[in-house]
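just to be clear, the model below is a prediction. Sequence and coordinates:
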Amino acid sequence: MKTFYFLLFSIVFLACETQPTMVTPEVVMKDTLMKTKVVIDTTPLFKSLVSNFNTQDLLLPEGFTYQVLFSEKDLVTRADGKKFPAKGNHDLSVFIPNENHPNTKGWVYISHETKHKDDGLGDGGGATMFEIERKDSVWQVVSDYEHIDFSEVGYTNRNCGGSLTPNGTIFTCEESWSHQTNYLYMDGKGLRDTSWVNGRPAYQNMGFVVEVDPKTKKVIKKHYQMGKFVHEDALCSKDGKAVYLTDDMNPGIFFKFETDTPYDYNTGSLFAFQQSADGETGKWLPIPKDTAAWLDVSNVALKLGATMFIRHEWIEEINGKLYICETGEDHYNLTQSHAKGGQFTNYAKANLREGESGEDFDDPYGRILEFDPTTNKMSVYLEGGVMKDSIGVFSSPDCNTSFTIGGRTYLVLSEDMIGYDRGRSGKNAKHYQNELYFLDMAIKNPTVDDLMRFAIAPKNAETTGVVFTPDGKHMIVNIQHPSYRNPAPFNKSCTLIISGF
C-alpha cells in the first residue's frame, strides 16, 4: 500500500510534550554579529495523542478538524457520462495544485486497491480523480468524480502506492500476487476477462507499474521492464535516472530501474539489490533484459543472490537518502528462498533468537530502513516495538511521507498492522487499531519513544495516501478498509482533508 506525492511541497508543522518545538517570541537570542534579535518559537502545534485501542472515530489532536472529500459508493462519472458507485480501498493520494492557486485549488488522484468484478467501472483495480477548492474556509469538491479507465492495458489488480513522476505523470503500483489466472478470476467474482494479453495468460499481465496521464485522465502504459512482482511503491529520483521499487512479499526484493535517458521511463535496465556481509555497502545485480526474466523477476533475483527483505512498503527520499517501511511478518521461514540463492539481511542475522534455525524468523513489529544510494548502505533507522509507557506500540509501518519546517524535517508514518494480537492493538485486542506518527529526523538514533502520535484511525482501518497542500496547512489522507460496523462516515473507505496546521 506509497505516498502520496505532490508538487511545491513545504509545511509548517510540529508536535509537543517532550518533543522538539517551534519558534515563538517567548525565547529571544541576540545575534552579536548582526545586532538583531532572532526569535525562537517554543509553541507546539499539537499535543501528542495517548493511545486508544477502541475508537470507531478518527482521533486528532485538539484544534484539528477533518472533512470528507470522497467516499466509497459515491457516484463516479465514466468518459461516456454514465455514473456508477465508486470503488473502495482508497490507497495512493496525489495532489496536483492549480498553477494560479496552488494552496486553495487542485486535482486529487486516488488509487483503489481493489480486485473484484465491477460492471460499471471495470473489474480489478482502479483510480478516481476530482477537483477541490477552498472557499470561505471550507474545502469543496468542484467537479465530478471522474473515472480512470484501465481497460486499454488489460485492467489492473490492487492499485496500491506509487508516485508523481518528474514528468507530471503518475505511477500506480499493482500489489498483485497473481501467479495463476484462477487467482484473478475468483470464480467469476474478480477479473472476468482472462483473454489478455499478447498470447500470454491473464495473470502474467498483473503485477506491474502502470503510468497514467492525470491531464487527460487516461492510461499511458504498463511498464513491463520494471518487472512483475508485488509492487508496493515506486520512487523516482529527482535526476530522472532511476526508479526505486519496493516489493511487499516474503521474501521481498529491493529493485531499481535505471533509465537509458533521464526522465524517459520507457527504456532502461532493472537491478536487484544485494547487501554486503557487513552491511556497510552493497551492489546492484543486473536482471536479464528479456520478457521471461521480467515475468519471473523475483525468482531470477533470488538465483542471482539478491538480499531477502520482509515485505517492503512505501519509500520516501529525504536529503538524498531513502527511507523504507519494512512491515515485518509473524513467524516466517526463508529456507526455500535461501536455497534458491537469496541472501539474509545483515541485521536479520544479527537478531536471531536463541533456538531458531537461522532461517525461521519472527518479526511482529517491523522497522524503518535507511538506504544511501551513494554508498549502497542499507541499515536499520528505527525498530518497531512497545514504548516505554507499556501502552503505545509502533508496529507494521506501511505508508510514509515527509515534510520540512524551517530546516527541520519530519517523517510521517502510518501503521497497517499484520495482526492485532501480541500487544500490537493493546492488551486482549480483538480488532485492528492503527495509528499515524511523526518523527523528527534531527533525532540521532531514534527509538519508538521519539514518535509523536498525530492520529488514531477508526476500528480496523489504516491511514494511507498522506499528502499535504503546498503551503503545508492541510493534509489529505485516506481511511482504508474500516469496519462496516463503525458509524458513518467511517463504515467505508473514504478520503479526508485535515485542517488546523
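Arrived safely.

just give me the longest strand of this protein.
strand 264-275 (DSSP state E).

just checking, next helix/strand downstream of it?
strand 282-286 (DSSP states H and E).

parallel or antiparallel, which strands does that next one pair with?
Partners of strand 282-286 in the sheet, by DSSP bridges, are strand 264-275 (antiparallel).

outside of the partner strand itself, list whatever touches it.
165, 167, 211, 221, 223, 225-227, 236, 240, 243, 253-261, 282-287, 289, 294, 297, 300-301, 304-307, 343, 345-346, 376, 378 (Cβ atoms under 8 Å, 6 or more residues apart in numbering). C-betas here are computed from N, CA, C, even on glycine.

where does this protein dip in pLDDT?
Residue ranges of the chain with pLDDT under 70: 1-45, 197-198, 350-358, 405-406.

quick one, helices of the stretch 251-400 of the chain?
Along the stretch 251-400 of the chain, the segments classed as helices by DSSP state H, counting those that start in this stretch run 291-295, 297-304, 335-340, 346-350.

now do the longest one: distance to the chain's middle.
Between the mean C-alpha location of helix 297-304 and the chain-wide mean there is a distance of 24 Å, by Cα atoms, centre = their mean, to the nearest Å.

which helices and strands sit right next to that helix?
Packing partners of helix 297-304 (3 or more Cβ pairs under 8 Å, 6 or more residues apart in numbering; DSSP states H and E): strand 264-275, helix 335-340.

JSON lines please, covering those and showing distance to Gly120 and mean neighbour count.
As requested, the helices and strands packed on helix 297-304 are arranged in JSON lines below (distance: least, Cβ to Cβ, whole Å; neighbours: other Cβ atoms under 10 Å):
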{"stretch": "strand 264-275", "distance to Gly120": "31", "mean neighbour count": "19"}
{"stretch": "helix 335-340", "distance to Gly120": "41", "mean neighbour count": "14"}
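
switch the ones you listed over to a markdown table; also include distance to Asn319.
Below are those laid out as a markdown table (distance: least, Cβ to Cβ, whole Å):
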| stretch | distance to Asn319 |
| --- | --- |
| strand 264-275 | 20 |
| helix 335-340 | 33 |
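
quick one: the helices in the stretch 101-250 of the chain?
Using DSSP H, counting those that start in this stretch, the helices of the stretch 101-250 of the chain run over residues 181-185.

where along it do the strands fall?
For the stretch 101-250 of the chain, applying DSSP state E, counting those that start in this stretch gives strands covering 105-112, 126-135, 138-141, 145-147, 159-164, 170-174, 209-213, 218-223, 231-236, 242-247.

please produce JSON lines containing those, extended by distance to Arg78 and mean neighbour count.
Formatted as JSON lines, the strands of the stretch 101-250 of the chain follow (distance: least, Cβ to Cβ, whole Å; neighbours: other Cβ under 10 Å):
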{"stretch": "strand 105-112", "distance to Arg78": "15", "mean neighbour count": "25"}
{"stretch": "strand 126-135", "distance to Arg78": "11", "mean neighbour count": "20"}
{"stretch": "strand 138-141", "distance to Arg78": "18", "mean neighbour count": "14"}
{"stretch": "strand 145-147", "distance to Arg78": "5", "mean neighbour count": "20"}
{"stretch": "strand 159-164", "distance to Arg78": "17", "mean neighbour count": "30"}
{"stretch": "strand 170-174", "distance to Arg78": "18", "mean neighbour count": "29"}
{"stretch": "strand 209-213", "distance to Arg78": "16", "mean neighbour count": "22"}
{"stretch": "strand 218-223", "distance to Arg78": "13", "mean neighbour count": "18"}
{"stretch": "strand 231-236", "distance to Arg78": "26", "mean neighbour count": "28"}
{"stretch": "strand 242-247", "distance to Arg78": "30", "mean neighbour count": "25"}
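
measure Arg379 to Asp450 for me?
For the record, residue 379 is Ser, not Arg. 17 Å (Cβ to Cβ, to the nearest Å).

compare these two (neighbour count), which wins?
With neighbours defined as other Cβ atoms under 10 Å, Ser379 and Asp450 compare such that Asp450 has more, 18 against 14.

which residue comes closest to that one once chain neighbours are left out?
Ile443 (5.1 Å; Cβ to Cβ, 6 or more residues apart in numbering).

tally of neighbours for that neighbour?
Neighbourhood size, Ile443 [other Cβ under 10 Å]: 13.

tell me which of the helices and strands packed on helix 297-304 lies nearest to Lys492.
Shortest distance between Lys492 and the helices and strands packed on helix 297-304, using Cβ to Cβ, is found for strand 264-275: 34.4 Å.

show me what His474 is bridged to.
Ser499.

pretty sure Asp248 contacts Arg311?
Yes: the pair Asp248 and Arg311 qualifies as a contact (Cβ atoms under 8 Å) at a distance of 5.1 Å.

shared neighbours of the two, which are they?
With Cβ under 8 Å, 6+ apart, Asp248 and Arg311 have common neighbours Thr327.

can you tell me how far Thr327 sits from Gly252?
Thr327 sits 10 Å away from Gly252, going by Cβ to Cβ.

neighbour count winner among the two?
With neighbours defined as other Cβ under 10 Å, Thr327 and Gly252 compare such that Thr327 has more, 28 against 24.
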